[in-house]
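S.K.: pasting the structure only:
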């Protein structure tokens, strides 16, 4: 006779003891989910010296000016609502860090960030950033190195193709790869909802400058992770 019909238990007798049921209603619930948090640094063409410099991300929230930008950051540059903090009331575990390097079509924070990396000078600038840049956590009084930008979700180098046609014009695009290498995939970094944090981009002494050409450099760092917050219901 199948389990669950009248007179027969709904679970197998071999299933073990039933878990206890609380007599009172719960006062809160935990809500879990996946979310990414991102922040962006702009290096304008001046030329801008990068060697032995540091640049702090995740400090400027949406709608404010900072991190090399002269205009307010929009949703394309960050989704932080408060500088240096994860969303209020949310504990956040980071299981991946990714970095995107792109070029704008202006010499300052005025052009569209859509310029293809399709010439020798632009490829050189891309490689300059991902080869010499290093990411570091900064927790106010504690600094922890993450990895070179080359390994932060970049897959190990520059990818793409550039073709030269008969007229001498270049076509194609280069970028810093896909997210095939993730830091913290085994041991996430916990960011409690009340902690203050930032990520610093540090450049070595052999880093070249952002050249005084017709483009500026845009570096977006993305944290991939899980969030948990408490929903009060009573």
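M.R.: Thanks, I have the structure now. Every value quoted in this text rests on a predicted model; they were computed, and no experiment measured them.
S.K.: any idea of the mean pLDDT for stretch 138-155?
M.R.: For stretch 138-155, mean pLDDT is 85.
S.K.: Revised request: answer the last question for stretch 86-103.
M.R.: 85.
S.K.: Tell me which residues of it come out buried.
M.R.: 86, 90-92, 94-103 (16 or more other Cβ atoms under 10 Å). The way it works is simple: take the backbone N, C-alpha and C, and place the C-beta from them, glycine included.
S.K.: Can you pick out the most distant pair from those residues?
M.R.: Farthest pair in the buried residues of stretch 86-103 (Cβ to Cβ) is 91 and 103. Separation: 36.1 Å.
S.K.: quick one, strands of this structure?
M.R.: Counting by DSSP state E, the chain has strands at residues 28-43, 54-57, 90-103, 133-138, 143-148, 159-164, 170-175, 189-191, 198-203, 217-232.
S.K.: can you put these in a markdown table and add distance to residue 111?
M.R.: Below are those laid out as a markdown table (distance: least, Cβ to Cβ, whole Å):
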| stretch | distance to residue 111 |
| --- | --- |
| strand 28-43 | 11 |
| strand 54-57 | 20 |
| strand 90-103 | 9 |
| strand 133-138 | 22 |
| strand 143-148 | 28 |
| strand 159-164 | 21 |
| strand 170-175 | 17 |
| strand 189-191 | 33 |
| strand 198-203 | 21 |
| strand 217-232 | 10 |
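S.K.: so which of the buried residues of stretch 86-103 comes closest to residue 158?
M.R.: residue 101 (9.1 Å).
S.K.: What's opposite that closest one in the beta bridge?
M.R.: Counting by DSSP bridges, residue 101 is bridged to residue 219.
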